[in-house]
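Chemist: got a structure for you, letters missing:
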């Protein structure tokens with residue numbers, strides 16, 4: 001499994017669908033990258049566990065919270081879950097672009 005590349009990710013939040021573009025570069029059992037979206041740009045780092053990517057992201061808008069991501073990569077698509085702090089979970093889906 002290679003998650004390297006550019007991804008268009010949709011997170012289905014209680015406030016509606018949020019789109020994020022991500023650049024991911026794996027190196028063994030870790031990865032680095034950058035996300036860009038309506039709420040700004042952010043550098044990310046995370047773990048690679050087989051076909052899974054795991055990372056967290058601290059946001060400040062619309063309110064401060066830590067988002068915890070877990071995505072499974074299958075070919076040119078990914079799917080997974082985002083823990084939205086105290087606001088429960090949201091599903092996410094993405095495609096390599």
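Modeler: Everything's here; your move. Remember, it's a predicted structure, so these values are computed and weren't measured experimentally.
Chemist: helix or strand: which one has the residue nearest to residue 42 when sequence neighbours are not counted?
Modeler: Across the structure, with CB to CB, 6 or more residues apart in numbering as the measure, the residue nearest residue 42 apart from its sequence neighbours is residue 35 (5.2 Å). Heads up, the C-betas are built off the backbone N, CA and C, glycines and all. According to DSSP states H and E, residue 35 maps onto strand 30-37.
Chemist: the strand ranked longest in the chain vs strand 30-37, what angle?
Modeler: Here the longest strand in the chain is taken by residue count, with DSSP state E as the criterion, and it is strand 16-27. Taking axes from the mean of the first three to the mean of the last three CA atoms, to 10 degrees, one finds that strand 16-27 is oriented at 150 degrees with respect to strand 30-37.
Chemist: from residue 12, how far off is the most centrally placed residue in the chain?
Modeler: By CA atoms, centre = their mean, the mean C-alpha position of the chain lies nearest to residue 69, the distance being 5.6 Å. Separation of residue 69 from residue 12 (CB to CB, to the nearest Å): 13 Å.
Chemist: overlap in contacts of those two?
Modeler: Listed as contacting both residue 69 and residue 12 by CB atoms under 8 Å, 6 or more residues apart in numbering are residue 92.
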